[in-house]
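Undergrad: model this:
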Amino acid sequence: MIRIPLIYLKDKQAFFKEAGTLRLAGKPTDLAKKWKKEGVKLIHIVDLDAQAGKTTNFDLYDALSYVINIQVEGVESEEFIEKLVKIGTRIVIALPTNIDLKKFKEYKKLLVGKINQVTDIENVYDVILDKESKSILEIAK
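TA: Model prediction:
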């Protein structure tokens, strides 16, 4: 089994969510270095700043990507996706989406679809199941 830690980014700090409440975890780069020593290969990041309309964490993504592989879940925006793929970061996109993912076909290996229903997954490389569903699991077999 692969362990993929999940952190939330807000104001350049990392948080964990416990029982629906965000708890400060510290500096994201310190966590990444610690996890890399423990054998972690990938960190999943939910960017709360990006979801609030602020795109201030690209320098942090760049720094983290030098330490460990990351995938970022942020906003549904072509501009956001373009910036992330240029630094080689995986992007988590809720599917279905209004974004024409075919525009990013050369970066398909960096696109991760997040689904909670049966939907078209042709233009992404990997899929994250948001909720377990028998119909989705049947398709995945």
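Undergrad: Which residues are in contact with residue 103?
TA: Shown in contact with residue 103 (Cβ atoms under 8 Å, 6 or more residues apart in numbering): residue 78. Using the backbone N, CA and C atoms, a C-beta is placed for each residue, glycine as well.
Undergrad: I'd guess it is in a strand, am I close?
TA: No. When classified by DSSP: H, G, I helix; E, B strand; the rest coil, residue 103 is found to be helix rather than part of a strand.
Undergrad: Find the nearest non-adjacent residue to residue 42, please.
TA: Nearest residue to residue 42, sequence neighbours excluded (Cβ to Cβ, 6 or more residues apart in numbering): residue 69, at 4.6 Å.
Undergrad: give the contact list for the one you found.
TA: 41-43, 90.
Undergrad: So which of these are in strands?
TA: With strands taken from DSSP state E, the overlap with these comprises 42-43, 90.
Undergrad: coming back round to it: and the residue nearest to residue 42, how far from residue 81?
TA: Computed as Cβ to Cβ, to the nearest Å, the residue 69 to residue 81 distance reads 17 Å.
Undergrad: just residue 90 next, same as before
TA: Residue 90 sits 11 Å away from residue 81, taking Cβ to Cβ as the criterion.
Undergrad: any residues in contact with both of those two?
TA: Looking at what touches both residue 90 and residue 81 (by Cβ under 8 Å, 6+ apart), the common residues are residue 111.
Undergrad: can you tell me which two in the contacts of residue 69 are farthest apart?
TA: When Cβ to Cβ is used, the two most widely separated members of these are 41 and 90, lying 11.7 Å apart.
Undergrad: Compare neighbour counts for these two and give me the winner.
TA: When residue 41 and residue 90 are compared for neighbours, residue 90 comes out ahead with 22 against 11, by other Cβ atoms under 10 Å.
Undergrad: Could you find the closest non-adjacent residue to the more buried one?
TA: For residue 90, the closest residue by Cβ to Cβ, 6+ apart turns out to be residue 71, at 3.6 Å.
Undergrad: cool, and residue 73?
TA: For residue 73, the spatially nearest residue (Cβ to Cβ, 6+ apart) is residue 92, at 3.8 Å.
Undergrad: Please, where are all the helices along the chain?
TA: In the chain, the segments counted as helices under DSSP state H are 28-37, 48-51, 58-67, 78-86, 134-140.
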